[in-house]
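Undergrad: Fold the following, please.
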Amino acid sequence: QVQLTESGGGLVRTGDSLTLSCATAGRIYSSWVMSWFRQAPGKEREFVALIRKNTGRTKYADAVVGRFTISMDSANNMVYLQMNNLTPDDTAVYYCARGTQYSTIPSDYNVWGQGTQVTVSS
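TA: Numbers count the residues shown, from 1 in each chain. Presented below is the predicted three-dimensional model:
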């Protein structure tokens, strides 16, 4: 079973940058869509960004367009989320997820990591 392990979270200040990493235990197959979601305290899990392996096509939530960049290193089975110009509204647990649909809906993803905390202070 493919496992996902996130890393790179931490405590930063407004305007800072962070890069999150997602390591997959196995090969990233061409049909897969790898995504990042986040969940803030008391809120539902929300879509952040996705990338499809076979096309490289990406999609971003409106709240992160122009600030976040998702990328994939297929040779090393890694997915990254570069986050720039962070604000307190970006504070959440960030999850890596794997699915096969080009979807922003959490229930469409069947493999999840344990999450990594990102806290942005004002």
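Undergrad: use CA for all of it now, contacts and neighbours both
TA: Will do.
Undergrad: ok now stretch 114-121, how far from the chain's centre?
TA: Mean-position distance between stretch 114-121 and its chain equals 11 Å (C-alpha atoms, centre = their mean, to the nearest Å).
Undergrad: Let me see the ranges of the strands in this structure.
TA: In the chain, the segments counted as strands under DSSP state E are 4-7, 10-13, 18-24, 33-39, 46-52, 58-60, 68-73, 78-83, 92-99, 109-112, 116-121.
Undergrad: does residue 84 really touch residue 18, like I thought?
TA: Yes. Between residue 84 and residue 18 there is a contact at 6.7 Å, judged by C-alpha atoms under 8 Å.
Undergrad: before we move on, the earlier item: turn the strands of the chain into JSON lines, columns for mean pLDDT.
TA: Supplementary listing: the strands of the chain in JSON lines, determined by pLDDT from 0 to 100:
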{"stretch": "strand 4-7", "mean pLDDT": "96"}
{"stretch": "strand 10-13", "mean pLDDT": "98"}
{"stretch": "strand 18-24", "mean pLDDT": "97"}
{"stretch": "strand 33-39", "mean pLDDT": "97"}
{"stretch": "strand 46-52", "mean pLDDT": "97"}
{"stretch": "strand 58-60", "mean pLDDT": "98"}
{"stretch": "strand 68-73", "mean pLDDT": "96"}
{"stretch": "strand 78-83", "mean pLDDT": "97"}
{"stretch": "strand 92-99", "mean pLDDT": "97"}
{"stretch": "strand 109-112", "mean pLDDT": "95"}
{"stretch": "strand 116-121", "mean pLDDT": "98"}
